[in-house]
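**Q** the sequence and its predicted three-dimensional model are supplied below.
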Amino acid sequence: MSYAVGDTLPPFTIESVSAEAMEQWAIFLADPNPIHLDVEVVKAKGLGDRVINQGPANVAYMMNMLMRAFPGGRIKAMDSRFLDNVYGGDRA
């Protein structure tokens, strides 16, 4: 399948962002930030009432969508700007 600029790509959906997966990402990324692991820290910082997903995990979701839409393709560069946090249990 080919796409033109402005076309909509097929969605890549994570039905429920897993707090357990966040723990694995924290280990993989050597990211000890407690907002990814401890809901009490998130609450104390006024950031909500669920743990917050790591940014690189959110980028990985986008990369997976692109890889699915363009099998065998390569991503040379990617710029992204996050508009909000992705929380444990969110659909992304």
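**A** That came through, no problem. Remember, it's a predicted structure, so these values are computed and weren't measured experimentally. Residues are numbered from 1 along each chain as shown.
**Q** so the closest residue to residue 85 other than its chain neighbours versus residue 72, what's the distance?
**A** Distance criterion CB to CB, 6 or more residues apart in numbering; nearest residue to residue 85, sequence neighbours excluded, is residue 52 at 4.8 Å. C-beta here means a position set from N, CA and C on the backbone, and glycine is covered the same way. According to CB to CB, to the nearest Å, residue 52 stands 34 Å off from residue 72.
**Q** returning to that earlier point: identify the bridge partners of the residue nearest to residue 85.
**A** When assigned by DSSP bridges, residue 52 has beta-bridge partners residue 87.
**Q** residues near the residue nearest to residue 64 when sequence neighbours are not counted, how many?
**A** Distances taken as CB to CB, 6+ apart put residue 12 closest to residue 64, at 5.3 Å, once the chain neighbours are dropped. For residue 12, the count of nearby residues is 15 (other CB atoms under 10 Å).
**Q** tell me which element residue 12 is part of?
**A** Using DSSP states H and E, residue 12 sits in no helix or strand.
**Q** next: residue 58.
**A** According to DSSP H and E, residue 58 maps onto helix 55-69.
**Q** list the buried residues in that helix.
**A** For helix 55-69, burial by neighbour count (16 or more other CB atoms under 10 Å) applies to 57, 58.
**Q** my guess is residue 61 meets residue 15, correct?
**A** No - with contact defined as CB atoms under 8 Å, residue 61 and residue 15 do not form a contacting pair (11.7 Å).
**Q** surely residue 18 meets residue 88?
**A** Yes - applying CB under 8 Å, one finds residue 18 in contact with residue 88, separated by 7.0 Å.
**Q** please consider this matter closed, and thank you.
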